[in-house]
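>>> Just the structure for this:
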Amino acid sequence: MVASERREKIKELLMAAGQPVSASVLAKQMGVSRQIIVGDIALLRASNLTISATPRGYILAQQSERERCYTVACKHGQDQIAQELYAVVDNGGGVIDVVVEHAVYGQISGQLHVFSRYDADSFLRKLRASSGTPLSALTGGVHLHTISCPDQETFRRICAALAEKGILFENSIH
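As a prediction, the model looks like this:
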């Protein structure tokens, strides 16, 4: 398979998957190294294909017409990450990303794509296993999340749950 055919196949697999696919899985399916896949993804992005890298793999950005995205400001310690993520997914939403404002680098974001407790637990396991710190540690716990919701009522439920847990920082930005 030539490189252009492989990239087209990667695009098709991501479109069909509907969930993140790891570079290792793609590499195995294509019979190439993980590093080749990383390069292919970079070239696909350069051709204006919106591919996000999440903690669980690559996902093709496709937002349902029914879903809306909202932004919430949160503040909490590392010990409340699970509560925060569960509050969102248990109330019908998904956490698309996390964003912090850094004094030197400006806005820094990380793709999360957490839509279930399983996703949240996978993210938390990966965070613990890497001995990494969440982006919010750079800003004393203050951060933003883009939340995907099917409707305004779901967003209100999520905000109420976050406020009840003392995680909602200020009024949400729409």
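>>> So residue 74 is in contact with residue 166, correct?
No: checked against CB atoms under 8 Å, the pair residue 74 and residue 166 is beyond contact range at 10.0 Å. C-beta: built from backbone N, CA, C; applies to glycine.
>>> And those two? Which one has more around it.
Here residue 74 and residue 166 are set side by side on neighbour count (other CB atoms under 10 Å), and the busier one is residue 74, at 24 against 12.
>>> and the helix or strand that one falls within, average pLDDT?
With elements delineated by DSSP states H and E, residue 74 resides in strand 68-75, which encompasses its position. Averaged over strand 68-75, pLDDT sits at 91.
>>> what does stretch 142-151 give?
For stretch 142-151, the mean pLDDT works out to 92.
>>> Check which residues of it are buried.
Within stretch 142-151, the residues that qualify as buried by neighbour count (16 or more other CB atoms under 10 Å) are 143-149.
>>> okay, now the domains of this protein?
As given by automatic domain parsing, the domain ranges for the chain are 3-60, 68-164.
>>> Select from those the stretch with the lowest mean pLDDT.
Within those, the stretch with the lowest mean pLDDT is domain 3-60, showing a mean of 89.
>>> next one: it to chain centre, how far?
For domain 3-60, the separation from the chain centroid amounts to 16 Å (computed by CA atoms, centre = their mean, to the nearest Å).
>>> And the strands in the chain, which stretches?
Under the criterion DSSP state E, strands of the chain are mapped to 51-54, 57-60, 68-75, 94-102, 106-114, 142-149.
>>> would you turn these into JSON lines with distance to residue 23?
Conversion of the strands of the chain to JSON lines gives the following (distance: least, CB to CB, whole Å):
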{"stretch": "strand 51-54", "distance to residue 23": "9"}
{"stretch": "strand 57-60", "distance to residue 23": "7"}
{"stretch": "strand 68-75", "distance to residue 23": "26"}
{"stretch": "strand 94-102", "distance to residue 23": "19"}
{"stretch": "strand 106-114", "distance to residue 23": "14"}
{"stretch": "strand 142-149", "distance to residue 23": "24"}
